[in-house]
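Engineer: structure for this input, please:
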Amino acid sequence: MAEPTPTEARPTRAYVIHPDLAARTQRREPEHALAEAVALAHALPGIEIVGDEVARLRKPDPGRLFGKGKLAEIGERLDAAEVDLVLIDGPVSPVQQRNLEKDWGVKLLDRTGLILEIFADRARTREGVLQVELAALSYQRTRLVRAWTHLERQRGGLGFVGGPGETQIEADRRAIDEQMTRLRRQLERVVKTRTLHRAARAKVPYPIVALVGYTNAGKSTLFNRLTGAEVLAKDMLFATLDPTMRAIRLPGAGGGQGRKIILSDTVGFISDLPTELVAAFRATLEEVLEADLILHVRDISHPETEEQAADVAEILESLGVDEDVALIEVWNKIDALSADTRAALRRTDERTQGIQAVSALTGEGLDDLTSAIDAHLSEVLDEPKTTDTVTLPFSDGRRRAWLHEAGVVQREESAENGLTLHLLWTERQKAGFEAL
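Structural biologist: Alright, predicted model coming up:
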């Protein structure tokens, strides 16, 4: 008798729906928005997309989102495809979610719930996990309101004259609030550690260059190209969540070594990013707030690259990034364009300051990008330099190495009481040295 072979768990069969309101105010074309929603669904493990559609609505039904006719029509397609999970690319109220799940006999996630699921699956660092848990609890707390009828039952009060007591929904909300308070305390400790690391980096006078952009714009591929790191880079939305930082040295004039910088890769942005996640990841994105230069990486081959750029600009503004922070637009993925279009973009970036057309995949245009980074930092950071003299004891190898690493030593002489170093440095470098 043959031994039974283990069978793999069947993937969850999912169906994606993008509700398109007749009086919509969104910048996106519904077909492109649906394609992005399908890409989001593919980012979840164990999901098989068996269908998708744009559902056009005159106005959302308060109880079921869709009208009776559309509800029955979609229900027939879901039954025929044996769907387990429906993903609605938009906001769904708790009442609508409950009714739709009951009518269609499926599990349902709205856009916020889907993005939270992806973040929960991808978070790797302690800080990332805590931030996702906090965002998820904040989202769940809003779903308690009239979401389930069993939450309306009451528990008895304490004492002899105990009134009606607290309802189950109040008890659940209180439990979530207590858990959120615990998570915030843990996150504060983690953020405090990050602040200490940032303070330690502040003693090193290297400028910070932060990569930002729409998810899947190619930030991590560019980061790997520039730093030689091996950050996960895939054609997938939110392939990387946790911020990564590397110190690199830019090429100098004549093939020599140029200035040293710290390059920071951050989480990708997306349209309609849940407010819970914007708040939760604010600590992670503090690197952007403190950056001396921002590289806005754009997928220039995407049909809605302008709309994506507008979404990124809105999120940067909501984070509190100053308008006067130096910024370079990196038009990435020119390798996906025709030769004529690619040549036209390269001519545009030659004529336009603050734009660099590159391919992080092939390396085209990266030399011009690093030169532009160096030129921008020179404008932003290079203060007037002054000559100075510092005498260090022979035993103080650490501060001597720091000065040489910063490239400020003009010449060095031995004296009876130590080493005399003749320096040419900026006030920023001097302050960094004195902070050691």
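
Engineer: could you look up the SS state of residue 44?
Structural biologist: coil (DSSP: H, G, I helix; E, B strand; the rest coil).

Engineer: how close does it sit to residue 114?
Structural biologist: 7 Å (C-beta to C-beta, to the nearest Å). (Glycine included, C-beta is placed from N, CA and C.)

Engineer: and residue 414, by the same measure?
Structural biologist: 66 Å.

Engineer: who has more neighbours out of the two?
Structural biologist: Per other C-beta atoms under 10 Å, whichever of residue 414 and residue 114 has more neighbours is residue 114, with 23 against 9.

Engineer: can you pull up the most central residue in this structure?
Structural biologist: residue 267 (2.0 Å; C-alpha atoms, centre = their mean).

Engineer: distance of that one from residue 212?
Structural biologist: In terms of C-beta to C-beta, residue 267 sits 9 Å off from residue 212.

Engineer: tally of neighbours for the nearest residue to residue 45 once chain neighbours are set aside?
Structural biologist: Closest residue in space to residue 45, ignoring its immediate chain neighbours: residue 121 at 6.3 Å, by C-beta to C-beta, 6 or more residues apart in numbering. When neighbours are counted by other C-beta under 10 Å, residue 121 registers 14.

Engineer: okay, strands next: where are they in the stretch 301-436 of the chain?
Structural biologist: 326-332, 355-357, 386-392, 409-415, 418-425 (DSSP state E, counting those that start in this stretch).

Engineer: for the first one, packing partners?
Structural biologist: In this case it means strand 326-332. helix 219-227, strand 293-299, strand 355-357, helix 366-381 (3 or more C-beta pairs under 8 Å, 6 or more residues apart in numbering; DSSP states H and E).

Engineer: and the last one, by the same measure?
Structural biologist: Contacting strand 418-425 under the criterion 3+ C-beta pairs under 8 Å, 6+ apart are the following elements: strand 386-392, helix 397-406, strand 409-415.

Engineer: I figured residue 264 hits residue 244, correct?
Structural biologist: Yes - between residue 264 and residue 244 there is a contact at 7.3 Å, judged by C-beta atoms under 8 Å.

Engineer: other SSEs contacting the strand or helix carrying residue 99?
Structural biologist: Using DSSP states H and E, residue 99 maps to helix 94-104. In terms of contacts (3+ C-beta pairs under 8 Å, 6+ apart), helix 94-104 is packed against helix 68-80, strand 107-110, helix 126-143.

Engineer: which outside residues touch stretch 57-64?
Structural biologist: 19-23, 65-67, 70-71, 93, 95-96, 99-100, 103 (C-beta atoms under 8 Å, 6 or more residues apart in numbering).

Engineer: of the residues you listed, which is the most crowded?
Structural biologist: residue 65 (25 neighbours).

Engineer: beta partners of that one?
Structural biologist: residue 61 (DSSP bridges).

Engineer: run a quick neighbour tally on the nearest residue to residue 417 once chain neighbours are set aside.
Structural biologist: Closest residue to residue 417 apart from its sequence neighbours, by C-beta to C-beta, 6+ apart: residue 391 at 6.8 Å. If you count neighbours by other C-beta under 10 Å, residue 391 ends up with 12.

Engineer: in this structure residue 391 contacts residue 422, no?
Structural biologist: No - with contact defined as C-beta under 8 Å, residue 391 does not reach residue 422; the gap is 10.5 Å.

Engineer: can you tell me the SS state at residue 267?
Structural biologist: Classified using three-state DSSP, residue 267 is coil.

Engineer: for residue 350, see how far away it is.
Structural biologist: 32 Å.

Engineer: rewinding a little: name the residue in residue 264 and residue 244 with the higher neighbour count.
Structural biologist: Ranked by neighbour count (other C-beta under 10 Å), residue 264 and residue 244 place residue 264 first, with 22 against 18.

Engineer: just to revisit the earlier point, ok, which of the helices and strands packed on strand 418-425 comes nearest residue 216?
Structural biologist: helix 397-406 (36.4 Å; C-beta to C-beta).

Engineer: mind listing what's buried along the closest one?
Structural biologist: 400, 402, 403, 406 (16 or more other C-beta atoms under 10 Å).

Engineer: counting contacts, what elements does that helix pack onto?
Structural biologist: Using 3+ C-beta pairs under 8 Å, 6+ apart: helix 397-406 touches strand 386-392, strand 418-425, helix 427-434.

Engineer: I'd like to know how far residue 95 sits from residue 70.
Structural biologist: From residue 95 to residue 70 the distance is 17 Å (C-beta to C-beta).

Engineer: what's the neighbour count on the residue nearest to residue 369 when sequence neighbours are not counted?
Structural biologist: Closest residue to residue 369 apart from its sequence neighbours, by C-beta to C-beta, 6+ apart: residue 356 at 4.6 Å. Residue 356 has 23 neighbours, counted by other C-beta under 10 Å.

Engineer: and residue 356, bridged to which residues?
Structural biologist: residue 330.

Engineer: doesn't residue 334 make contact with it?
Structural biologist: No - if you go by C-beta under 8 Å, residue 356 and residue 334 don't touch, sitting 10.2 Å apart.

Engineer: low-scoring stretches of this structure, by residue?
Structural biologist: 1-9, 22-27, 124-125, 144-169, 191, 194-205, 229-243, 252-257, 274-287, 382-383 (pLDDT under 70).

Engineer: do that again at 50, thanks
Structural biologist: Low-confidence segments of the chain, defined by pLDDT under 50, span residues 1-2, 5-7, 146-165, 254.

Engineer: what about the helices in the stretch 201-350 of the chain?
Structural biologist: In the stretch 201-350 of the chain, the segments counted as helices under DSSP state H, counting those that start in this stretch are 219-227, 275-280, 286-289, 305-319, 339-351.
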